[in-house]
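Q: Below are the sequence and a predicted model; questions follow.
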Amino acid sequence: MSRFAALTLGKAVPTPGQAKRRYEVEVQLGPTDEAHIIRTIEYWDIERKRYPQYEHCAVLIAEDITSRFLNVVALFNGTIPLIALQMQALKVGEHMTLIFTKVMDELSRGPVDEDEDAETAPTDRAYWEKKYTKPTVQLADELLGIAQEIDPSLDLRYNKYYIGLSKDGQAFNFAQFRPRKNHIGLSIYLPKSDDIDAKIDQSDLEALDYDTRRERYRFALHNDDIAKNKGLLKELMQAAYQSRSM
């Protein structure tokens, strides 16, 4: 016996087109089995195709998840965002209570370097200026200037899907830049924290949804945003730089 529910989690931010996160949950009484795993993945696939504007994560819940099936589920994690929860019902006096134990968390991906991503090919500055605009590519120079205040040896590294950073000729992507026609996208790789969230909320930065899979804060920066928020951007970059250097 099973029950399916699609859940939405996350703080609503009034940003046009901002992605939210949805969880496709499949609950099964008793131990998990092959059919339970297949249904969980099917629900996840159906919902992500139906609502591609959202991020989606599959959640498998059962009273018992044996090591055999846990190993099978782990094979999918990384390709399919998947969380496994073991549920127990306990009677306390006259009341029943449920205890959920997370036995497998969604695999978190760190920043991808060019040499780790077979689909990423090196390009040059002209490629980005032709694809978008020179002014938005110049915003990457401004962000590089902030990064060089942290480490003068840093430089831009142009790739097909993003502009990254390099140190001593090697990719060093604690932050990445994606020029667009009217703005530049900035990703800073940091674990989510209430302190950082509060500082971002108090600024006038246009913050997009937090990418939990890659553990990164994302922003859409326009012409004056970098200069106005230089102090905060440097603080976030420095924290990400130190985290990557450890």
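A: Noted; the coordinates are in hand.

Q: Show me the helices in the protein, by range?
A: In the chain, helices defined by DSSP state H lie at 34-50, 67-76, 125-131, 134-150, 194-202, 225-228, 230-245, listed in chain order.

Q: and of the ones you listed, who's closest to Phe172?
A: Shortest distance between Phe172 and the helices of the chain, using C-beta to C-beta, is found for helix 230-245: 6.9 Å. Using the backbone N, CA and C atoms, a C-beta is placed for each residue, glycine as well.

Q: Pull the distance from that closest one to the chain's centre.
A: In this view, helix 230-245 has its centroid 18 Å away from the chain centroid, taken as C-alpha atoms, centre = their mean, to the nearest Å.

Q: Now do Gln238 against Ile146, distance only.
A: Counting by C-beta to C-beta, to the nearest Å, the separation of Gln238 from Ile146 is 9 Å.

Q: Ok, Leu165 next?
A: Plainly put, Leu165 is 11 Å away from Ile146 if you go by C-beta to C-beta.

Q: Look at these two and report which has more neighbours.
A: For Leu165 and Ile146, the more surrounded residue by other C-beta atoms under 10 Å is Leu165, and the numbers stand at 25 against 18.

Q: for the more buried one, what are its contacts?
A: Going by C-beta atoms under 8 Å, 6 or more residues apart in numbering, Leu165 touches Leu144, Ala147, Leu154, Asp155, Leu156, Arg157, Ala171, Phe172, Asn173, Phe174, Ala175, Gln176.

Q: contacting residues around the last one?
A: By C-beta under 8 Å, 6+ apart, the residues touching Gln176 are Pro111, Tyr162, Ile163, Gly164, Leu165, Leu186, Ser187.

Q: now those residues in a markdown table, with pLDDT and distance to Arg68?
A: Formatted as a markdown table, the contacts of Gln176 follow (pLDDT from 0 to 100; distance: C-beta to C-beta, whole Å):
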| residue | pLDDT | distance to Arg68 |
| --- | --- | --- |
| Pro111 | 49 | 34 |
| Tyr162 | 92 | 40 |
| Ile163 | 94 | 45 |
| Gly164 | 93 | 41 |
| Leu165 | 94 | 43 |
| Leu186 | 95 | 44 |
| Ser187 | 94 | 38 |
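
Q: for stretch 133-140, the distance to its chain's centre please.
A: Between the mean C-alpha location of stretch 133-140 and the chain-wide mean there is a distance of 24 Å, by C-alpha atoms, centre = their mean.
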